[in-house]
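Colleague: What shape does this take:
(one chain, ligands or ions: 1)
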Amino acid sequence: MPETLIKICGLTTPETVDAAVEAGATHIGLVHFPDSPRHIAISDAAKLRQRLPRHVKAVLLTVNLDPKATALALQAIEPDVLQLHGSETVEWLKLIKDNSKLEVWKAVGLKDRGTLERAERFKDAAHRVIYDAPSHASAGALPGGNGLTLDWRLLMNYRHAMDWGLAGGLTPDNVADAIRYTGAPLVDASSGLESERGVKDIGRIKAFCQAAREAQPAQV
Ligand SMILES: O=C(O)c1ccccc1NCC(=O)[C@H](O)[C@H](O)COP(=O)(O)O
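Modeller: From the prediction side, this is the model:
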């Protein structure tokens, strides 16, 4: 059974990046989206990226960022993965995938079985789909990082057409159950690892990575 991949998202400081690496995260997420409490400027993201050892991958996260700004951010940060978290089209993703060495991930707000099936349209355009909770206006209208859990039952025993990951309201307390119920090959957490909005808690990062590493998916 391959090890569960662990993405700690929305890191903004050297201390929390180092803690995530030490705790065993396989990916760290840098959110470049000005409306987010976890927004990071390109020059700061580039500095954090340079702290990573080769085995830990940098994920740059953008939301409907225009092509020119995307190119500048990619050039400065040199991430391993570009995670698109807005309403980016299949065509745009495919263009990036076919013209770069980047891994391209697409986040999808998972409401129901229909959303799950429609996400398959990204099969040839993205390397991985990240199922997140659908965002609601009441959650502050952020496309992600809202700490909302999606209905894990939608993913139980689903035959995925592409690589995938689970996000949405994951915490040190529920990540083992999330892996057990859904069989997620990658778990992604942000606000559940914070002491206050936008401020990561090193103790919670460590506890999350440990719980995710020790979790076993249920045998089906
Ligand atoms: O984290 C943000 O602030 C954010 C803002 C805009 C788009 C996406 C964002 N986060 C994306 C992530 O990958 C989060 O890890 C994912 O949405 C899960 O967040 P949470 O429910 O807080 O664990």
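
Colleague: Every contact and neighbour count from this point should use C-alpha atoms.
Modeller: OK.

Colleague: Can you show me the CA trace of the helix-or-strand element of the chain with minimal mean pLDDT as CSV?
Modeller: Across the helices and strands of the chain, the lowest-confidence element by mean pLDDT, DSSP states H and E is helix 113-118, at a mean of 94. Extracted C-alpha coordinates of helix 113-118, given in CSV (Å, rounded to 0.1, in the frame of the first residue of the first chain):
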residue,chain,number,x,y,z
ARG,A,113,-22.4,12.3,-7.4
GLY,A,114,-22.9,14.4,-10.5
THR,A,115,-20.0,16.7,-9.5
LEU,A,116,-17.9,13.7,-9.0
GLU,A,117,-18.6,12.3,-12.4
ARG,A,118,-18.2,15.7,-14.1
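
Colleague: Any residues of the chain in contact with the ligand? List them.
Modeller: Residues of the chain found near the ligand (Cα under 6 Å from any ligand atom) are 9-10, 36-38, 85, 132, 142-148, 167-170, 188-192.

Colleague: PyMOL command for the buried members of these?
Modeller: This is the PyMOL syntax for the buried subset of those, where burial follows 16 or more other Cα atoms under 10 Å:
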select buried, resi 9+10+36+38+85+132+142+143+144+145+146+147+148+167+168+169+170+188+189+190+191+192
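
Colleague: mind checking how far the helix or strand Lys47 falls within is from the chain centre?
Modeller: Assessed by DSSP states H and E, Lys47 sits inside helix 42-49. Its chain's average C-alpha position is 18 Å from that of helix 42-49, according to Cα atoms, centre = their mean, to the nearest Å.

Colleague: Check which residues of that helix are buried.
Modeller: 42, 45-46, 48-49.

Colleague: related to what we said a few turns ago, and for the least confident helix or strand of the chain, what's in contact with it?
Modeller: Residues external to helix 113-118 that are found in contact with it (Cα atoms under 8 Å, 6 or more residues apart in numbering): 108-110, 154.

Colleague: Widest-spaced pair of these?
Modeller: Val108 and Leu154 (13.4 Å; Cα to Cα).

Colleague: In the protein, what residue spans correspond to strands?
Modeller: In the chain, the strands defined using DSSP state E lie at 5-8, 27-31, 57-62, 81-84, 103-109, 128-132, 163-167, 186-189, 194-196, 199-200.

Colleague: any idea which of these is most buried?
Modeller: Ranked by average neighbour count under the criterion mean count of other Cα atoms under 10 Å, the strands of the chain are headed by strand 27-31 at a mean of 27.

Colleague: name the helices or strands packed onto that strand?
Modeller: strand 5-8, strand 57-62 (3 or more Cα pairs under 8 Å, 6 or more residues apart in numbering; DSSP states H and E).

Colleague: Could you export the buried residues of helix 42-49 as CSV, including pLDDT?
Modeller: As requested, the buried residues of helix 42-49 are exported to CSV (pLDDT from 0 to 100):
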residue, pLDDT
Ile42, 98
Ala45, 98
Ala46, 98
Leu48, 98
Arg49, 98
